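Engineer: pasting a predicted model and its sequence here:
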Amino acid sequence: MKMPKTVFVGLGIATFAAALAVASVSGRLPSPTTQGGTIQDGATTHLAAAPTKSETGDGLGLDPMVSRIIEERQADAARLKAFRAAKDRGTVPEEILLERIGQTSNTRRGNGNLDQGGDDCASATAIPFTPYTDFGTTTGYADNYPECEGSGTGPDVVYFYTPPQTADFHVSLCGSAFDTKIAVYANNCAGAPIACNDDGACWPGSDIPRITLTGGIDYYFVIDGWNGDFGDYTFFLEELQPTPPGDDCSDPVLITSLPFSDNGVSSCSYSNDFTGTTCLSSQDEGPDVIYSFTLTTTTSVEIILTAYYAEPPNESWVMPGILLSDHCPPDWSCIASASSWTVTEYIPIVIPCTSLSPGTYWIMVDNGTWFHPCFTYDLLVQPCGPCDIVSQGGDVPEVAETFPLPGTFSINDPNGGCNNDDPFLPQYQSVNAGETVFGRTFAYTDSITGSTKVDFDWYRFVVTTPVALTCTYQGECELLAAFLDPPCPGLPRVYGIQTTPCGSRSFTTNCLGVGEYYVRISKGGAISGPDATPFDYRVTFDATPCTLPSGRCCYASTCAMLTEPECDDLFGYWDVGLTCETECPVYPPNDFCENAGVPAMLPATFTGNNVNATNDCPQEGDPQVWHVFTTTELSDIQIDYCGTLDFHSFNPNIYQGCPCDDRYVLEAVDWGFCSPITAMTGLWRDIPPGTYYISVVMYNPNSIGDYTIHVNAVTNLPPANDECATAEGITLVPNGSVTVDGTTMNATASCTDVCAEGGFNYSSSGGDVFYSLNLPYCHKIAMALGTSDMHLSVYQGTEMCCTSPAFLCNDDDENFAPLPEWDVPWQHPGGSQSYIAAELDAGLYIIRVAKYGGQVGYYNLTIYDNGPCSCIPPNPPEDLTLTANDDNIEIRWTTDPESATRGVYQLWSSTVFGTFDIQTWTLVENNIIPVAESDHLYYVAPTSGLTSQKLFYIVVGQCVEPPAR
């Protein structure tokens, strides 16, 4: 409909026989809404941009799939995003349900009454005693209460319980038939819940492992569904035994001396006292354990947390967090913290060496609860450097090295092992069980290449009878240790955890068979340049006799129970824990790397099936099959799984030898190239001519079965709009949309952009491209960026692009806020794609198109024009002319095509020249749709009924709303 906004007028005078053209005038008048409305006089003005919101960007912040697979699947924020996406698809495997539910259900059935939960708090079902188990449904019930920890609204039912005395309780919906949520309210159901959970150990069931309930207070348990889900549920409540010391700040575990260790602790017996209120953010949502220690002198301390499961399923992820604070309860102002979304069992996290003044300090151990509500852990708190490592009696000296090093050292180190360059052979220092080596390591400048290198020391350990090797290492600098078999080529079988200066670490291998094994010691930490002096270290080798396990060995259509080395000698397939009573499977023909086949020339397509594949590259840790290809010139190599349904992952490495030789690491990954099928595409840059091996790896159950792989050499030229200064211009379609697409696969990374949304920071540091949008006046603009896991940023002007934080940015559509009231739902791309909607003032805008993390790939960007911020009519007709013909009057004026899109014109006439108003002027024609023809707009009025008297005409520009969305 028409809007009562500004109009512009043009004035002309005509008679039947002749016409008199009068210069047009322009004025600002309230426009009529319909014929017969009132128009009042307005002040003369010029055309200007309409006012807009003064701070369009207010409220907008400045990162199971791969976010940065080339960093060994260690992108923290990507893991959370991957879990949410997996949950939407329903692909996360359900954990073992709580057995106690089934064990206690008969107690309730004995009462002959299953108390379906009440519809609301007023009609809540009473819980008479604990332990208590009930079965019911939320189907058909109302949604009375807001959900916690997530989106959507589901029907809910309510129970209530009044504990006779203060105690800790376990609340569970494990065993329910839908994606549940549980919220606990105190006294009544008003306000915020005191505890809630979406996904516990029994995903998608909810579970609160421990909550303290005060005696005599009514507590309400609201059973709800995630994202509107509903169905049959199993509800369980039990009282727990009192917690041991460490449950809260008033009763911490006291650390009386350092070093301190606390091993085999289960957090499952502790309460959850913090949820998103500390520096651990969402990784303080599980049960927490508090420690405290007091220092009387300034001391440097490091804290090491090793998380694992005491019981199966051990394939589940531990998501622990640990913080150090000078006050308790802790909050966001921690001294230090450490956490990880990707920590699996027995891989520790570390708060590195931190200098502390005299005083009392607290340590909190906690975890995120997406995959498991609690876990078992070992905690080590110990003093750390600086220190002076000295040789002790009986130490074996490292082989002599010259310091500073001559240039030739970089290629022929007497214990440089596999780090020696051609044509020099690897050299190792032999060690025996029980020996301690006193050595040194350092960074130095290679006089041949000019680069900074690290001194690697390689030690050879010969096993004559089966043993488990324990390697303990400590140095004046950060130290890294690795265990290899074989050494060259190959990747470490075990990575030791990096030490802090003077901190001690150790690792223990599995039972080793007869053979040669290698330990590599080197300086760790950031290497910024050559060291002025070397750093001393000590490394001890201990061996414990062991018995190699026997397992099923399938070879040459035969099965036998053998040890792994015995089976390897027969080129067989070995499985520990299986016997020959289990039939040997049919293995893929390319299961071993040496059976990859004849090297294919590019482009190449490989097909196959990896069912029953085994692992002949222990460093990868997963079963794989192999293919091989050859390149004849320096190329970028692109590998995709297009056409392979639900095959979600591949190896980030391509190898020069078989298996697991020197490798080239994936530089970029794209999930959108194969759209609409979700499959990965990877890019390896600057691969020299040669023969390369690729493995098809079973990272998860969705990566097993038939597959198709395409391998090709691609150009590495960056796109034309690779930089801010070369941004590609986009012409806005008034009241419409424009779409551009392309790829960032070969784009360089101009900057890193960070969006704060939904309580997390989402960063984008991969290849990016740029577009420019020049607005003549304020527009309601929406931008939608697909295809997968996108990141969208908008800068005000070229000079601000990538030099200051984006004033608008979004990573995930669902997190964009605030949405304007004119927001159009169907313009949203949804999911992990990006969306921005805002009123943009007149000016130049630079749009950065990228993906989350370091990903790159295909995209499509759509820009929607939802009209001007305030209604702007067509420009005033400043060159109005009138021509009287025999049977008509021709009226002409000129306007530009863009102005013509903003509204319509009205034609008014009068026999008396004077002030324009609808009482003395007659509406001749309403809603004249502008027609751009040779840049002229025209209207021909019939002369029927005219006399020789003068007629005055005025043309009024009328503003209208954009088309309905």
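Structural biologist: Sure, I can see it.

Engineer: use CA for all of it now, contacts and neighbours both
Structural biologist: Fine.

Engineer: ok, Ser504 - contacts?
Structural biologist: Counting by CA atoms under 8 Å, 6 or more residues apart in numbering, Ser504 touches 472-475.

Engineer: for the stretch 301-450 of the chain, give me the ranges with low pLDDT.
Structural biologist: 309-318, 341-347, 369-373, 401-411, 422-423 (pLDDT under 70).

Engineer: related to what we said a few turns ago, using a markdown table, lay out the contacts of Ser504 together with secondary structure, distance to Arg892 and neighbour count.
Structural biologist: A markdown table is the format used below for the contacts of Ser504 (DSSP: H, G, I helix; E, B strand; the rest coil; distance: CA to CA, whole Å; neighbours: other CA atoms under 10 Å):
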| residue | secondary structure | distance to Arg892 | neighbour count |
| --- | --- | --- | --- |
| Thr472 | strand | 93 | 18 |
| Tyr473 | strand | 92 | 24 |
| Gln474 | strand | 91 | 23 |
| Gly475 | strand | 90 | 31 |
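
Engineer: want to throw those residues into a markdown table with pLDDT?
Structural biologist: Converted to a markdown table, those look like this (pLDDT from 0 to 100):
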| residue | pLDDT |
| --- | --- |
| Thr472 | 94 |
| Tyr473 | 94 |
| Gln474 | 92 |
| Gly475 | 92 |
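
Engineer: just for the stretch 451-600 of the chain, where's the confidence low?
Structural biologist: Using pLDDT under 70, the flagged stretches of the stretch 451-600 of the chain are 489-491.

Engineer: do a quick rundown of the helices in it.
Structural biologist: 564-569 (DSSP state H, counting those that start in this stretch).

Engineer: how about the stretch 101-250 of the chain?
Structural biologist: Under DSSP H, counting those that start in this stretch, the stretch 101-250 of the chain gives no helices.

Engineer: where in it is pLDDT low?
Structural biologist: Using pLDDT under 70, the stretch 101-250 of the chain drops low at 101-115, 147, 149-153, 201.

Engineer: go again with 80.
Structural biologist: 101-115, 117, 146-153, 199-203, 243 (pLDDT under 80).

Engineer: all strands of it, in order?
Structural biologist: 125-126, 132-137, 157-161, 167-172, 180-186, 195-197, 207-213, 219-225, 232-239 (DSSP state E, counting those that start in this stretch).

Engineer: possible to save the ones you listed as TSV with distance to Ser506 and mean neighbour count?
Structural biologist: Shown next, in TSV, are the strands of the stretch 101-250 of the chain (distance: least, CA to CA, whole Å; neighbours: other CA atoms under 10 Å):
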stretch	distance to Ser506	mean neighbour count
strand 125-126	55	18
strand 132-137	47	20
strand 157-161	50	25
strand 167-172	38	21
strand 180-186	42	26
strand 195-197	38	23
strand 207-213	33	23
strand 219-225	46	27
strand 232-239	41	21
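
Engineer: who wins for proximity to Leu819 among these?
Structural biologist: Among the strands of the stretch 101-250 of the chain, the nearest to Leu819 by CA to CA is strand 219-225 (25.8 Å).

Engineer: could you find the closest non-adjacent residue to Pro549?
Structural biologist: Thr563 (5.9 Å; CA to CA, 6 or more residues apart in numbering).

Engineer: and the one you found, how many neighbours does it have?
Structural biologist: Applying other CA atoms under 10 Å, we find 19 residues neighbouring Thr563.

Engineer: and the gap between it and Gln382?
Structural biologist: In this view, Thr563 and Gln382 are 40 Å apart by CA to CA, to the nearest Å.

Engineer: do the same with Ala338
Structural biologist: Taking CA to CA, one finds Ala338 at 16 Å from Gln382.

Engineer: out of the strands of the stretch 101-250 of the chain, nearest to Asn610?
Structural biologist: Nearest to Asn610, of those and by CA to CA, is strand 180-186 at 35.7 Å.

Engineer: any idea how far the closest one is from the chain center?
Structural biologist: From the chain centre to the centre of strand 180-186 is a distance of 28 Å (CA atoms, centre = their mean, to the nearest Å).

Engineer: so where's the stretch 601-750 of the chain uncertain?
Structural biologist: In the stretch 601-750 of the chain (pLDDT under 80), the answer is 617-622, 643, 645-652, 659-662, 667-680, 698-703, 715-717.

Engineer: hey, where'd the strands end up in it?
Structural biologist: Counting by DSSP E, counting those that start in this stretch, the strands of the stretch 601-750 of the chain are 604-609, 624-631, 635-640, 653-655, 663-665, 668-670, 681-687, 690-697, 706-714, 728-730, 737-743.

Engineer: which residues touch the longest one?
Structural biologist: Same thing as strand 706-714. 602-610, 635-645, 647.

Engineer: out of the residues you listed, which end up buried?
Structural biologist: 604, 608-610, 635-645, 647 (16 or more other CA atoms under 10 Å).

Engineer: surely Asn716 meets Leu634?
Structural biologist: No - Asn716 is beyond contact range of Leu634, at 10.7 Å (criterion: CA atoms under 8 Å).

Engineer: re the thing from before, point out the most buried one among the strands of the stretch 601-750 of the chain.
Structural biologist: strand 668-670 (a mean of 27; mean count of other CA atoms under 10 Å).

Engineer: what is it packed up against?
Structural biologist: If you count contacts as 3 or more CA pairs under 8 Å, 6 or more residues apart in numbering; DSSP states H and E, strand 668-670 packs onto strand 681-687.

Engineer: export the strands of the stretch 601-750 of the chain as CSV, with columns for distance to Phe169.
Structural biologist: Converted to CSV, those look like this (distance: least, CA to CA, whole Å):
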stretch, distance to Phe169
strand 604-609, 49
strand 624-631, 46
strand 635-640, 51
strand 653-655, 48
strand 663-665, 49
strand 668-670, 46
strand 681-687, 48
strand 690-697, 43
strand 706-714, 48
strand 728-730, 60
strand 737-743, 53
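
Engineer: now Tyr518, which residues is it bridged with?
Structural biologist: Counting by DSSP bridges, Tyr518 is bridged to Arg460, Leu484.

Engineer: which ones are touching it?
Structural biologist: Counting by CA under 8 Å, 6+ apart, Tyr518 has contacts 458-461, 483-487.

Engineer: could I get the contacting residues of Phe592?
Structural biologist: For Phe592, the contact set (CA under 8 Å, 6+ apart) comprises 614-616, 625-626.

Engineer: again, only using 10 Å
Structural biologist: 571, 613-617, 624-627, 658-659, 695 (CA atoms under 10 Å, 6 or more residues apart in numbering).

Engineer: span of stretch 704-718 from start to end?
Structural biologist: 35 Å.

Engineer: domains of this protein?
Structural biologist: 6-45+872-959, 99-239, 253-383, 396-545, 593-714, 724-868 (automatic domain parsing).

Engineer: for Val586, find the nearest of those.
Structural biologist: Nearest of the domains of the chain (CA to CA): domain 593-714, 6.9 Å.

Engineer: quick one: distance of the closest one to the chain centre.
Structural biologist: Relative to the chain's own centre, domain 593-714 is displaced by 24 Å; criterion: CA atoms, centre = their mean.

Engineer: returning to that earlier point: write the PyMOL selection for whichever of the contacts of Tyr518 are buried.
Structural biologist: Restricted to buried positions by 16+ other CA under 10 Å, the PyMOL selection for these reads:
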select buried, resi 458+459+460+461+483+484+485+487
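
Engineer: Throw the strands of the stretch 101-250 of the chain into TSV and include distance to Phe535, thanks.
Structural biologist: TSV is the format used below for the strands of the stretch 101-250 of the chain (distance: least, CA to CA, whole Å):
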stretch	distance to Phe535
strand 125-126	68
strand 132-137	62
strand 157-161	63
strand 167-172	52
strand 180-186	55
strand 195-197	50
strand 207-213	48
strand 219-225	58
strand 232-239	56
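
Engineer: right, I'll call it a day here.
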